[in-house]
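>>> Predicted structure and sequence below. I'll ask about it afterward.
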Amino acid sequence: MGLLTKKDASLILDPLADNNPITIQVLGICSALAITAELKASVVMAVSVMFVLGAGNVVISLMRNIIPSKIRIIVQLIVVATLVIIVDQVLKAYQYELSKTLAVFVGLIITNCIIMGRFEAFALANGPWKSFLDGIGNSLGYGVILIIVGFFRELLGSGTLFGIPVLGDPIEKTGLYATGYENNGFMIIPPAALIVVGIIIWVQRTKNPALVEEN
Amino acid sequence: MHELKMKYQGKKMAPAFNAIHTFLFVPNETTHNGTHVKSADDLKRTMNTVIMALVPVLLFSMFNAGYQHFSAVNGFPGNFSVMEHFLTWDNFWIGIIKVLPLVAISYGIGLLVEFIFAVIKGHEVEEGYLVTGMLVPLIVPIDTPLWMLAVAVVFGVVIGKEVFGGTGMNILNPALTIRAFLFFAYPTWMSGDKVWVYEARERSEQILAGATDVDAISGETILGYLAQNKGAAMEAAYSNWDMFWGFIPGSVGETSAFLILLGGLFLVFSKIASWRIMISAVIGSLVMGLIFNQVVEMGWIGETSKFYGLMSFDFWKHLIVGGLAFGIVYMATDPVTGAQTNRGKWIYGFLIGFISVMIRVFNPAYPEGVFLAILLMNVFAPTIDHYVIRGNIKRRMKRLKNATILPKDTDGKAKELQAETV
């Protein structure tokens, strides 16, 4: 690790597993349920959040000594809102269909608890480089879960990945469908995401019992 | 068996072995510590009683499977006689090839999951699945593909029960979780007029493919007719007695209100199921049915309304069609997921009946709401109990405060007064 010290590396790696924003801190559930029916939307959402959180953390960190603490929430909101609008406009310009799928949820990145949480908990107290790493790490942790959930929901719910049929054609009854297999409509609706996230949490805690809370 | 048990004691497979052992024999050991209630009916006996109550329903459903199939193919018999047209080997054979596989898959997969969890977690295999496994095949359409049932059973047992800690800890009734999963995952197999009669679906596919030598079979349920405002056609096809005895299409075991009633009485008299829940659920559904009938009578809703068919359906008939009776007797009374307090049971049951009929009428996609209503009330049951207990505590506190404690003599009175003024 020439570029990153051990501590820096842990900023990125910790949120991927043992301090994952979704499965451990239980933040950002809302968007994880809403937009993970398709893998493509999950990936775009993950990238958008990574941009907003990475850039936002740096901006807040740079300004941390001049923001009056009384109005810091408002300042943070303005920073996020600016970045989210940039993302939204870029999506509308280059990925119009997708931005329609994501609809209001791009705008709602503003209210994603992970972002405000990292601003408050990390960027206000650390330098820009560390804040940047923290932002990337947390959004990666968020994105990994989104992509896992999106993968299973799209595969089982629609039989496709990134919109490409992988199990055969459900109407022509080719591939797996020839055996009588059918798409699982349950995976399309948001409650399925809750259950998939729940299963991920279950697996994670079974592998690492230290994460299980004491009663 | 006992010797074998000693041999396996402490081994990894011990729970799996003990499960079979106690199923057949009374265990040869007793609890060693703590006080415990002594009673002959442990969980396994309780579950077996429920299964006994389900056996007539299962047998009936096997005959009905064949009866519906042949009626749909050859037309309904003109002068119907039970011995000639219903209790025949042909009918029973259809039942054997269609219903028994559902039962086998349900038990096989479900118990496999239970055994796996018992071995991993090192606890005894719990008996809860005995009833669930019998209920599941009875509440699905007859043409449900076996692999779908298997997927749903795994889902229901793992997500509906094991993640909460197994039998006794589950919030939702596992059998209904399985039904709900099937309903949301594979809606085309769970509703419509092609799934309730054996072969109806294959025939419609053959016809679509261009076959001319087969006739289409339509096996619309009573509620299906009504939801499409075809009340008159329904009445022409099925009499009220048909509905009561159960000679109608529907999920495998839900059709015979008569046998379900017998099963319910059996459960009440063996003190396995709560009569409070059953009675209040019946009242709840009647009340909701009456309200809808009144709405129609007041002329607030016209014949063109899409709710007319179900709303004008006589209120008491809701009990003999669809899965309401089955749900009330076998599902709502589940002691684990239902309300525990007596007053809570009244509220819980009433709302199940009330909401079931409401969903029947207002659900545009699927004219049956019993399983949704029971699942919803399962979730609310602890809340109901909480407030019932709260209310009880409050009332008793009030009684305590208002109670006048008569002093024995004047000295005591003086002392009491003194204590109060201090």
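Perfect, I can see it now. Values in this document were obtained by computation on a predicted structure and should not be read as measured data.
>>> Tell me which residue lies nearest the centroid of chain B.
Centroid-nearest residue in chain B, with CA atoms, centre = their mean: B:Met331, separated by 2.8 Å.
>>> mind listing what that residue touches?
Each residue near B:Met331 by CB atoms under 8 Å, 6 or more residues apart in numbering or on different chains is listed here: B:135, B:173, B:175-176, B:370-371, B:374. For glycine as for every other residue, the C-beta is placed from the backbone atoms N, C-alpha and C.
>>> so how far is A:Ala41 from whichever residue of chain A sits closest to chain B?
Nearest residue of chain A to chain B (CB to the nearest CB) works out as A:Phe186 at 3.8 Å. Distance of A:Phe186 to A:Ala41, computed by CB to CB, to the nearest Å: 18 Å.
>>> Near chain A, which residues of chain B are found?
When proximity is defined by CB under 8 Å from any CB of the partner chain, chain B lies next to chain A at B:145, B:147-148, B:151, B:159, B:163, B:181, B:184-189.
>>> Now the two most distant members of those residues.
Greatest spatial distance among the residues of chain B next to chain A (CB to CB): B:Val163 and B:Thr188, at 28.5 Å.
>>> quick one: which of these two has more around it?
Between B:Val163 and B:Thr188, counting by other CB atoms under 10 Å in any protein chain shown, B:Val163 is the more crowded of the two (16 against 11).
>>> How many residues are close by residue 122?
In the absence of a named chain, this looks at chain A. 20.
>>> ah, I was thinking of chain B
Neighbours of B:Gly122 (other CB under 10 Å): 9.
>>> got it, and A:Ile12?
18.
>>> Check the average confidence over the helix or strand hosting it, would you?
Assigned by DSSP states H and E, A:Ile12 belongs to helix A:6-13. Taken as a whole, helix A:6-13 has a mean pLDDT of 75.
>>> buried sites along it?
Of the residues in helix A:6-13, A:8, A:11-13 count as buried by neighbour count, 16 or more other CB atoms under 10 Å in any protein chain shown.
>>> for the residues you listed, which one is nearest A:Trp202?
A:Leu13 (22.0 Å).
>>> and the residue lying closest to the closest one once chain neighbours are set aside, what does it touch?
Distances taken as CB to CB, 6 or more residues apart in numbering or on different chains put A:Gly137 closest to A:Leu13, at 6.9 Å, once the chain neighbours are dropped. Residues near A:Gly137 by CB under 8 Å, 6+ apart: A:11-16.
>>> quick one on the thing from earlier: what helices and strands are in contact with the helix holding A:Ile12?
helix A:128-158 (3 or more CB pairs under 8 Å, 6 or more residues apart in numbering or on different chains; DSSP states H and E).
>>> now the angle between helix A:6-13 and the helix it packs on, please.
Interaxial angle, helix A:128-158 versus helix A:6-13 (axes from the mean of the first three to the mean of the last three CA atoms, to 10 degrees): 30 degrees.
>>> Tell me the buried residues in helix A:128-158?
Residues of helix A:128-158 classed as buried by neighbour count (16+ other CB under 10 Å): A:128, A:130-158.
>>> near chain B, which residues of chain A show up?
Counting by CB under 8 Å from any CB, chain A sits next to chain B at A:180-182, A:184-187, A:189, A:195, A:198, A:202.
>>> Can you get me a residue count around the residue of the stretch 151-300 of chain B found nearest chain A?
For the stretch 151-300 of chain B and chain A, the shortest gap (CB to the nearest CB) falls at B:Ala185, measuring 3.8 Å. Neighbourhood size, B:Ala185 [other CB under 10 Å]: 24.
>>> How much space separates it from A:Phe105?
Distance, B:Ala185 to A:Phe105, using CB to CB: 25 Å.
>>> now swap in A:Val196 and tell me
18 Å.
>>> Give the residue from the two that has the larger number of neighbours.
Remark: of A:Val196 and A:Phe105, A:Val196 carries more neighbours, 22 against 17, as counted by other CB under 10 Å.
>>> Now the more buried one: closest residue in space that isn't a chain neighbour?
Leaving aside its sequence neighbours, A:Val196 sits nearest to A:Val149 (CB to CB, 6+ apart; 4.8 Å).
>>> repeat for A:Ala46
In space, A:Ala46 is closest to A:Gly143, 2.9 Å off (CB to CB, 6+ apart).
>>> Same check on A:Ala178?
Of all residues not flanking A:Ala178 in the chain, A:Gly168 sits nearest, at 6.9 Å (CB to CB, 6+ apart).
>>> in which helix or strand would I find that neighbour?
Secondary structure from DSSP H and E places A:Gly168 outside every helix and strand.
>>> my guess is it meets A:Gly180, correct?
No. With contacts counted by CB atoms under 8 Å, A:Gly168 stays clear of A:Gly180, the gap being 11.7 Å.
>>> Tell me which of the two has more neighbours.
A:Gly168 (16 against 11).
>>> part of a helix, is B:Gly338?
No. Assessed with DSSP: H, G, I helix; E, B strand; the rest coil, B:Gly338 is coil; it does not lie in a helix.
>>> residues near it, how many?
25.
>>> you'd agree it is up against B:Arg276?
No. Contact between B:Gly338 and B:Arg276 fails when scored by CB under 8 Å: they sit 9.9 Å apart.
>>> Find the residues that touch each one of those two.
Residues touching both B:Gly338 and B:Arg276 (CB under 8 Å, 6+ apart): B:Lys345.
>>> The following helix or strand past the helix holding A:Ile12 - what's its average pLDDT?
Helices and strands here follow DSSP H and E; after helix A:6-13, the next one along the chain is helix A:29-34. For helix A:29-34, mean pLDDT rounds to 80.
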